[in-house]
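Peer 1: A structural model of the following input is requested.
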Amino acid sequence: MPYIDENEREELNEAIINLVEAIKDNRGNLDNPHDFSNYLGRINYCFSQAIMMVMGDVSYKKIAMATGVIENIKQELYRRLASLYEDSKIAENGDIPEYKYLRR
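Peer 2: Residues are numbered from 1 along each chain as shown. All right, here's what the predicted structure looks like:
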């Protein structure tokens with residue numbers, strides 16, 4: 001998580017809210033506008049555009065930095081959401097035998 005200053009967050013939050021509303025508008029798929037998977041292409045597009053607009057001239061260093069940030073976003077999302085979800089499912093359903101020895 002990029003723990004930026006509160007003032008910086010406030011500057012960005014209104015734009016983020018507007019972006020999320022535009023993503024959720026989802027006029028391209030009216031069959032099921034509440035299906036999260038319908039938003040993923042739009043999210044990908046927005047992140048890709050934002051990175052390219054900020055990056056400017058392309059170089060190996062900038063590509064490496066941008067892909068590193070994307071990887072960090074993925075890892076933080078997994079750490080904050082998926083691992084908690086997975087732990088709750090292990091508690092609910094039991095662990096698989098091959099992993100039980102790791103919890104000792």
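Peer 1: Only C-alpha atoms from now on, for both contacts and neighbour counts.
Peer 2: Will do.
Peer 1: where do the strands sit along this structure?
Peer 2: In the chain, no strands are defined using DSSP state E.
Peer 1: Run the chain-centre distance for the helix or strand of the chain with the lowest mean pLDDT.
Peer 2: One helix or strand of the chain scores below all others by mean pLDDT, DSSP states H and E: helix 97-100, with a mean of 85. Offset of helix 97-100 from its chain centre (CA atoms, centre = their mean, to the nearest Å): 29 Å.
Peer 1: elements contacting the longest helix along the chain?
Peer 2: Ranked by residue count, the top helix of the chain under DSSP state H comes out as helix 6-25. If you count contacts as 3 or more CA pairs under 8 Å, 6 or more residues apart in numbering; DSSP states H and E, helix 6-25 packs onto no helix or strand.
Peer 1: ok, and for that helix, which residues are buried?
Peer 2: Neighbour counts over helix 6-25 (16 or more other CA atoms under 10 Å) mark 23-24 as buried.
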